[in-house]
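Visitor: Structure, please.
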Amino acid sequence: MRKFGYYWDDDQLEEMRKLYVDENKTASEVAKALSLASRNVVLRQAQKRGWQHHEPPPKPPKPVKEPRRRPPPKRAPPPIVAQEPARPARPVPFLSRRFGQCAWILVEGAAPMCCGQPTVTGSSWCPAHYKRAFQPKKSRAA
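Guide: Next up, the predicted model:
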């Protein structure tokens, strides 16, 4: 006599085969319908008895998407012709400077002072200080 295992009678096996093969239910659905411990019980019996689960009809292939095109590379902003800024009579206190005034620090200390000249569009510096802040990369010699 076996100590472990489950003995299947013909009615149980026929019900399992009917649900799994004829009605094409998943192993989980069959196990739930027959109050079995897990879907593996159904899969083991199907394998042991050679039952073939009917596959659903194949899905139509997905349309092939065209590869995304990379956006054109961003062009560098036009070079700024740097001129030495006409120095104001007095530097502007950093905290008192207004929008559109150069923020290049000229005098450091407790009260930093900045250039105050008109800035390049989209920048915090005047043309001369912008050129000093953003130097072009030097090409490597082989």
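Visitor: How confident is the prediction for Lys32, by pLDDT?
Guide: If you check Lys32, the pLDDT there is 91.
Visitor: What separation do you get for His53 and Val64?
Guide: 30 Å (Cβ to Cβ, to the nearest Å). (Each C-beta comes from the backbone N, C-alpha and C, glycine too.)
Visitor: Give me the more crowded residue out of these two.
Guide: His53 (14 against 6; other Cβ atoms under 10 Å).
Visitor: which SS state does that one fall under?
Guide: coil (DSSP: H, G, I helix; E, B strand; the rest coil).
Visitor: where's it relative to Lys18, distance?
Guide: 13 Å.
Visitor: Could you report the neighbour count for Ala128?
Guide: Count around Ala128 with other Cβ under 10 Å applied: 20.
Visitor: Give the helix, strand or coil label for it.
Guide: For Ala128, the assignment made with three-state DSSP gives helix.
Visitor: How about the one 3 residues further on?
Guide: Secondary structure state of Lys131, per three-state DSSP, is helix.
Visitor: Looking at it now. What's its pLDDT?
Guide: 84.
Visitor: how deep is it tucked in, by neighbour count?
Guide: Burial of Lys131 is recorded as 17 neighbouring residues (other Cβ under 10 Å).
Visitor: Can you get me the start-to-end distance on stretch 13-30?
Guide: Stretch 13-30 has an end-to-end distance of 11 Å (Cα to Cα, to the nearest Å).
Visitor: ok, and for that stretch, which residues are buried?
Guide: Across stretch 13-30, burial judged by 16 or more other Cβ atoms under 10 Å covers 16-17, 19-21, 25, 27, 30.
Visitor: Need the max-distance pair from those.
Guide: Largest separation among the buried residues of stretch 13-30 by Cβ to Cβ: Arg17 and Ala27, giving 12.4 Å.
Visitor: domain parsing for this structure?
Guide: 10-49, 92-133 (automatic domain parsing).
Visitor: For those domains, give me TSV that also has distance to Pro72.
Guide: Listed next are these as TSV, based on distance: least, Cβ to Cβ, whole Å:
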stretch	distance to Pro72
domain 10-49	50
domain 92-133	20
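Visitor: I'm done for today, thanks for sticking with me.
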